[in-house]
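Student: just a sequence and a predicted model for now, questions to come.
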Amino acid sequence: MAVLGKSTFRLRNRKMGASVTTGMQMMATRPCIPACQKLLGSRAAVPSFVRALSARTGFASCTKTASAGSFVSLNQKRFSVRAMSQSAAQGLPIDLRGKRAFIAGVADDNGYGWAIAQALAAAGAEILVGTWVPALNIFETSLRRGKFDESRKLPDGSLMEITKVYPLDAVFDSPDDVPDDVKANKRYAGSSNWTVKEVAETVKNDFGTIDILVHSLANGPEVKSPLLETSRKGYLAAVSASSYSFISLLQHFLPIMNPGGSTISLTYIASERTIPGYGGGMSSAKAALESDTRVLAYEAGRRGKIRVNTISAGPLGSRAAKAIGFIEKIIEYSYVNAPLQKELLAEEVGNTAAFLASPLASAITGSTIYVDNGLNTMGLALDSPTLST
Ligand SMILES: NC(=O)c1ccc[n+]([C@@H]2O[C@H](COP(=O)([O-])OP(=O)(O)OC[C@H]3O[C@@H](n4cnc5c(N)ncnc54)[C@H](O)[C@@H]3O)[C@@H](O)[C@H]2O)c1
């Protein structure tokens, strides 16, 4: 019997009793076949000791890659892959293997949606994205042509796989809501089934269920207008695209979310502090989103054991943020005035989302989590000229 090292997982087949775990050590009874090592070892998510196990056990073929909770077939025998105790070498892992995420609001590699997709993928989740219909063509073409390959790189060197890209327009709940001018618009004509209801149905038909729902989208056509000069139409459009869209997504995806699932949206401090320039009802939309997070946490928690949280993210020079017009100044302001004087990386928001989606956050719901270098805690702008006089 060979000792394979400290373990967090084990391969187990009761009938054969081919491997056992004792305390923190993995023991195996068979010699090694490299075919298994090659297949299992090629998966980023497969922990190193499973690779070690595959290297040392005597199974001739693998028909499935391994993740916790899944099965592998070795030499035509079926083994479950079990999560065991934490290994000292791995620390406390964010483990999303076997989970499936739908991320609404990814249309390039600059925004928070992409960073969240990457973090979830790095933790082992399967990634589906919903892309705004007018941006779909350019996103899919860029993806296909390898334009995002550099940003697809995961910490282990492999590339993030997006299993499927769904066209989505989150301001329409069902086909009956779509006005004729949108139906006739050539940017929409090439796509189908992109209302929220249809997307949820298509995901159900394709995959059955999901575990993680991310809302990383916003739109306010009058964002550059002060609230006092915002039209009713502009205000309602901001709330429709940026807040109600989350309610609609949760309403339609909840029935296909596995119990214990997690949903995350993105909000901004303008919901609770005045940020002049973040207009058009966008501040109101974010306030609604945060309030809805609490109410939906209760409703979805009771109904489907689903957690609902929102991340209040600091400024990032995404495509949407650039449309506001002064994002570089806001980033600079944050750098100068936040408790942590460092660039805020999209990756830091992605990592928080991965934690919130994981079982490690199993008691966190209804919360607004700040990922902003601490800027929200400040009551004084240190770079104010007033302070230097
Ligand atoms: N960038 C920031 O400084 C910042 C700060 C805090 C919060 N946020 C929030 O983060 C989220 C993601 O924004 P981002 O800044 O990463 O920019 P982004 O441009 O990467 O993401 C916005 C996405 O929304 C999509 N979208 C717009 N209307 C849509 C619709 N009707 N249906 C479906 N998709 C639609 C766009 O195509 C785009 O992909 C937003 O909720 C935003 O308010 C951003």
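Tutor: That came through, no problem.
Student: now the element after the helix ranked longest in the chain, going C-ward?
Tutor: Using DSSP state H, we find that the single longest helix of the chain is helix 282-304. The helix or strand immediately downstream of helix 282-304 is strand 307-313, counting by DSSP states H and E.
Student: please name the strands paired to that following strand in the sheet, noting orientation.
Tutor: strand 257-267 (parallel), strand 368-371 (parallel) (DSSP bridges).
Student: the strands in the stretch 151-300 of the chain, which residues?
Tutor: For the stretch 151-300 of the chain, applying DSSP state E, counting those that start in this stretch gives strands covering 162-168, 210-215, 257-267.
Student: now the strands paired with strand 307-313 in TSV, with mean neighbour count, distance to the ligand and mean pLDDT?
Tutor: The way it works is simple: take the backbone N, C-alpha and C, and place the C-beta from them, glycine included. As requested, the strands paired with strand 307-313 are arranged in TSV below (neighbours: other C-beta atoms under 10 Å; distance: least, C-beta to the nearest ligand atom, whole Å; pLDDT from 0 to 100):
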stretch	mean neighbour count	distance to the ligand	mean pLDDT
strand 257-267	22	3	98
strand 368-371	19	9	98
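Student: for the nearest residue in space to residue 293 that is not next to it in sequence, what are its contacts?
Tutor: Distances taken as C-beta to C-beta, 6 or more residues apart in numbering place residue 310 nearest to residue 293, at 4.5 Å, with adjacent residues excluded. If you count contacts by C-beta atoms under 8 Å, 6 or more residues apart in numbering, residue 310 has them with 264-267, 289-290, 293, 367-369.
Student: go again using 10 Å as the cut-off
Tutor: Taking C-beta atoms under 10 Å, 6 or more residues apart in numbering, we find residue 310 in contact with 215, 246, 263-268, 271, 286, 289-290, 292-294, 296-297, 356, 366-369.
Student: which secondary structure elements does the longest helix of the chain contact?
Tutor: In terms of contacts (3 or more C-beta pairs under 10 Å, 6 or more residues apart in numbering; DSSP states H and E), helix 282-304 is packed against helix 232-239, helix 245-253, strand 257-267, strand 307-313, strand 368-371.
Student: give the buried residues for the first one.
Tutor: By neighbour count, and taking 16 or more other C-beta atoms under 10 Å as the criterion, the buried residues in helix 232-239 are 234-235, 237-239.
Student: near the ligand, which residues of the stretch 101-250 of the chain are found?
Tutor: Proximity of the stretch 101-250 of the chain to the ligand, by C-beta under 6 Å from any ligand atom, involves residues 105-107, 110-113, 132, 135, 168-171, 216-219, 241.
Student: quick check, pLDDT for the residue in the stretch 101-250 of the chain that the ligand sits nearest to.
Tutor: Residue nearest to the ligand within the stretch 101-250 of the chain: residue 111 (1.8 Å; C-beta to the nearest ligand atom). We have a pLDDT of 98 for residue 111.
Student: quick one, what contacts it?
Tutor: Counting by C-beta under 10 Å, 6+ apart, residue 111 touches 105, 117, 216-217, 266, 316-321, 346, 349.
Student: now, which of the residues you listed lie within helices?
Tutor: Counting by DSSP H, the contacts of residue 111 place 117, 319-321, 346, 349 in helices.
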